[in-house]
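Undergrad: fold the following for me, if possible:
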Amino acid sequence: MEKLIKILEQFDQERKRTKRHGSWDETALVKIIHPLAKEILCNGCFLVNGIFIIDIGVIELYYHEENGEIKDHVMYHTNEHLPKSFKEIIKHNGGYPYFEIGSFNQHSSGIDITFENEENKYRASFLIRSYRLLERKDLNNNDILYDPYSTHIFDDMFFGGLLLSTDKRTTIEWIEYDKGGEIEQCPRKNVALYNENGDKIDTTEAYYKIAKKEAEENKSYPKCFKYGTKFFMQDMRPWQFKLKGIKEKK
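TA: Okay, the predicted model is just below:
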C-alpha cells in the first residue's frame with residue numbers, strides 16, 4: 001500500500017503549498033485533487049489475497065474542515081456526526097480520532113480510502129463509488145461491467161471475512177497498473193446541498209420535474225434528485241471523478 005499512501009500524501013503537501021500563497025478555496029481543492037484521482041483511477045488497482053482485483057472506475061471526494069471554511073455536511077466521519085454513544089467516551093480527544101492515512105473507513109454507503117490530517121484538522125476521503133471484481137487475466141477486458149452500487153464492495157473486497165488469525169486474514173495490496181485513459185468530473189451521486197446550519201435543502205416535486213427535464217434536454221447534471229418520497233437540491237460541486245468511457249451495470 002506504500003505507493004497509494006504516497007499518492008494520498010501529496011494532497012497535504014500541495015494543500016500547504018497552496019495555503020502559503022493565500023489562495024485556498026474549493027477551486028484550489030479540486031485542482032489539487034484532480035491529478036491524485038487520475039493516478040488512482042488510471043494507474044493502479046487493489047489486489048485482494050493475491051487472487052482477485054478490485055478495479056476502480058469511479059471515486060467521490062469527501063472533504064470537511066473541522067476548523068476551516070470548506071464544509072461537507074454529508075460526510076460521515078466528522079465531529080458533526082459523532083454518534084451519541086461515543087460522545088462521553090472520546091470527548092476528551094476533541095471528537096472523532098483521525099484516521100491514519102490510507103485507512104479504509106467502512107460505513108453505510110460503502111468503503112472510503114481516507115487521508116485525514118489531525119494537525120490541520122481536516123477530514124478527507126475517496127468513496128469507491130463504482131468498481132469491478134476481476135481476475136488478473138481480465139484486467140484488459142473492457143466488456144466486464146463496473147458495479148455502480150458502492151455497498152456491494154463489502155462482499156467483494158472482504159470475501160474471506162475479517163479474521164483474527166494473522167495467517168488467514170484478508171490482505172489488500174495496491175498494485176501499479178497502467179490502464180491509461182482520461183477522467184471526467186461531475187457532482188457526486190445523490191448528495192444533497194446543505195445550508196450553513198448543516199441542514200439539507202429540500203425542494204418540491206414540481207421543481208424536480210422541471211429540473212430533470214432541463215437536464216435531459218441540455219445533457220447536463222440534474223440540479224435536484226428524488227430520494228425515497230422526498231426531493232432534494234443537488235450539491236453541484238464537481239467532486240466525482242470517473243474513468244471516461246467505462247460501462248456500468250444497470
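
Undergrad: low pLDDT regions in this structure?
TA: Applying pLDDT under 70 to the chain flags the ranges 87-94, 160-169.

Undergrad: ok, now with 80
TA: Applying pLDDT under 80 to the chain picks out residues 1, 83-95, 159-170.

Undergrad: what about the strands in it?
TA: Using DSSP state E, the strands of the chain run over 44-48, 52-65, 104-107, 110-114, 122-135, 172-176, 183-186, 224-227, 230-233, 240-243.

Undergrad: turn these into CSV, including distance to Asp199 and mean neighbour count.
TA: Glycine gets a C-beta too; all of them are placed from N, C-alpha and C. Output for those, formatted as CSV (distance: least, C-beta to C-beta, whole Å; neighbours: other C-beta atoms under 10 Å):
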stretch, distance to Asp199, mean neighbour count
strand 44-48, 36, 20
strand 52-65, 16, 22
strand 104-107, 21, 14
strand 110-114, 23, 22
strand 122-135, 20, 23
strand 172-176, 37, 14
strand 183-186, 24, 16
strand 224-227, 15, 17
strand 230-233, 11, 18
strand 240-243, 23, 23
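
Undergrad: out of those, which is closest to Lys16?
TA: Closest to Lys16 of the strands of the chain is strand 122-135 (C-beta to C-beta; 11.4 Å).

Undergrad: that closest one packs against which elements?
TA: On a contact count with 3 or more C-beta pairs under 8 Å, 6 or more residues apart in numbering; DSSP states H and E, strand 122-135 meets strand 52-65, strand 110-114, helix 153-157.

Undergrad: looking at the ones you listed, which is closest to Tyr221?
TA: Smallest distance to Tyr221 across these (C-beta to C-beta): 13.4 Å, for strand 52-65.

Undergrad: quick check: longest helix in this structure by residues?
TA: helix 2-20 (DSSP state H).

Undergrad: so which residues make contact with that helix?
TA: Helix 2-20 is contacted from outside by 24, 28-29, 32-33, 36, 39-40, 44, 101-102, 113, 115, 117, 120, 124, 174, 176, using C-beta atoms under 8 Å, 6 or more residues apart in numbering.

Undergrad: please check the residues you listed and keep the buried ones.
TA: Among those, those buried by neighbour count (16 or more other C-beta atoms under 10 Å) are 24, 28-29, 32-33, 36, 39-40, 44, 101-102, 113, 115, 117, 124, 174.

Undergrad: which of the residues you listed sits closest to Leu193?
TA: The nearest member of the buried ones among the contacts of helix 2-20 to Leu193, counting by C-beta to C-beta, is Leu29 at 17.1 Å.

Undergrad: which residues touch the closest one?
TA: Contact analysis of Leu29 by C-beta under 8 Å, 6+ apart lists Arg15, Tyr63, Ile70.
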